[in-house]
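Undergrad: Give the three-dimensional model of this entry:
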Amino acid sequence: MNIENIIAQATEGVLASMSVVRRAQGKKASDIETKEDETIVTATDRISAAAAAQYLKVTNIPIMSEDSEQNVCVAGYRQFFDPLDGTSVFAGGSVASTVIWSLYDVGRRQIIASIVGEPVSGRLWTASEGKPTELRWFNEKGIPKEGGQTTVVEKCCLSRKTAILFDLSHGFTRAGRQILTDAQVGKLFSLLNTRTKINIPGSNGHIQALVANGGTGIVGSITTALGGPWDACGVLLVLQAGGHAKAFALNNGLLEEKNPLAVEDYDCLITGNSKETVNTLVDCFRQAVQ
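TA: Residues are numbered from 1 along each chain as shown. A predicted model of the protein is given here:
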């Protein structure tokens, strides 16, 4: 299997989806439906998925996505794909949504390549095993702009001058429940607020990509809103940019640590620009859960 060819094909698919989302951003979302898990899906989700399908299917690797019926792996690999991550904020007029793709090695139980595209800006982050995270820019037609750069997380300390990015579950996770109680959320925010700023953009792909991007003052992220494995695939971007991550399954109030690259196995993901940042965020998280 040629990973580079698969990534190239997936890149074309992500760019096709980004073009669809970009044209629709800021407009009134039409054809909004509510699914059984109370998440919403729009016409843009469907059109974006269809635009990418012609590229992703060429690889003959099963595609697993939030709205796909092809959820059974018949090969040694899966493609995780979300054609519009952050549908709720998109429907509200936000432009913070992303398109997420990842290649998952079933035997090793971990992702080995990831792409996150930001339609509003044309930014596209790519990472794979053994290679640094790369940021490239594309115009509205999917044509690359000049340049490109390797991203490196900013090694600054967690402080009131920095910010972490948060995505909060309200019951639509793969576990089918709200991961933290309202009281635990309140305690976690209180613990974090004494240490750093808290921003909530509304897309898991976005918050993980921004940590990997090394933007000034963005030092970490916490998500308890993993509706599927695609929502955690940006963790590879963080790790390949020199950052760190810890992941946990939460069962009966107990946190069980998991491999952050085993994106099918956990409920909560914490990323950071350093081990110290991740450990501090994990400590706050543990205190809130106890």
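
Undergrad: where are the low-confidence patches of the stretch 1-150 of the chain?
TA: By pLDDT under 70, the weakly predicted segments of the stretch 1-150 of the chain are 28-41, 66-75.

Undergrad: ranges for the strands of it?
TA: 33-34, 40-41, 63-65, 77-85, 98-105, 110-118, 123-128, 131-137, 149-150 (DSSP state E, counting those that start in this stretch).

Undergrad: right, so of the ones you listed, which gets closest to residue 277?
TA: strand 131-137 (17.2 Å; C-beta to C-beta). Any C-beta I mention is one placed from the backbone N, CA and C, and that applies to glycine too.

Undergrad: if we can go back for a sec, same list, the strands of the stretch 1-150 of the chain, but as CSV with mean neighbour count and distance to residue 285 please.
TA: Formatted as CSV, those follow (neighbours: other C-beta atoms under 10 Å; distance: least, C-beta to C-beta, whole Å):
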stretch, mean neighbour count, distance to residue 285
strand 33-34, 10, 30
strand 40-41, 16, 28
strand 63-65, 21, 27
strand 77-85, 26, 22
strand 98-105, 28, 23
strand 110-118, 27, 22
strand 123-128, 24, 25
strand 131-137, 18, 24
strand 149-150, 13, 30
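
Undergrad: and these as JSON lines, adding distance to residue 275?
TA: Output for the strands of the stretch 1-150 of the chain, formatted as JSON lines (distance: least, C-beta to C-beta, whole Å):
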{"stretch": "strand 33-34", "distance to residue 275": "41"}
{"stretch": "strand 40-41", "distance to residue 275": "37"}
{"stretch": "strand 63-65", "distance to residue 275": "31"}
{"stretch": "strand 77-85", "distance to residue 275": "27"}
{"stretch": "strand 98-105", "distance to residue 275": "24"}
{"stretch": "strand 110-118", "distance to residue 275": "20"}
{"stretch": "strand 123-128", "distance to residue 275": "19"}
{"stretch": "strand 131-137", "distance to residue 275": "18"}
{"stretch": "strand 149-150", "distance to residue 275": "21"}
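
Undergrad: now for those, which one comes closest to residue 233?
TA: It is, among the strands of the stretch 1-150 of the chain and with distance given as C-beta to C-beta, strand 98-105, at 3.6 Å.

Undergrad: Let me see the domain layout of the chain.
TA: 3-150, 163-289 (automatic domain parsing).

Undergrad: can you redo those as CSV with distance to residue 156?
TA: Output for the domains of the chain, formatted as CSV (distance: least, C-beta to C-beta, whole Å):
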stretch, distance to residue 156
domain 3-150, 18
domain 163-289, 6
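
Undergrad: and the ones you listed, which is most packed in?
TA: domain 163-289 (a mean of 21; mean count of other C-beta atoms under 10 Å).

Undergrad: ends of it, how far apart?
TA: 22 Å (C-alpha to C-alpha, to the nearest Å).

Undergrad: so for it, what's the average pLDDT?
TA: Averaged across domain 163-289, the pLDDT comes to 90.

Undergrad: what's the helix or strand for the residue nearest the centre of the chain?
TA: Of all residues in the chain, the one closest to the mean position by C-alpha atoms, centre = their mean is residue 205, 2.7 Å from it. Secondary structure from DSSP states H and E places residue 205 in helix 204-213.

Undergrad: relative to strand 98-105, how tilted is that helix?
TA: Angle, helix 204-213 to strand 98-105, by axes from the mean of the first three to the mean of the last three C-alpha atoms, to 10 degrees: 80 degrees.

Undergrad: between the helix or strand just after helix 204-213 and helix 204-213, how many degrees?
TA: The helix or strand immediately downstream of helix 204-213 is strand 218-223, counting by DSSP H and E. Going by the same axes, to 10 degrees, strand 218-223 is angled at 150 degrees with respect to helix 204-213.
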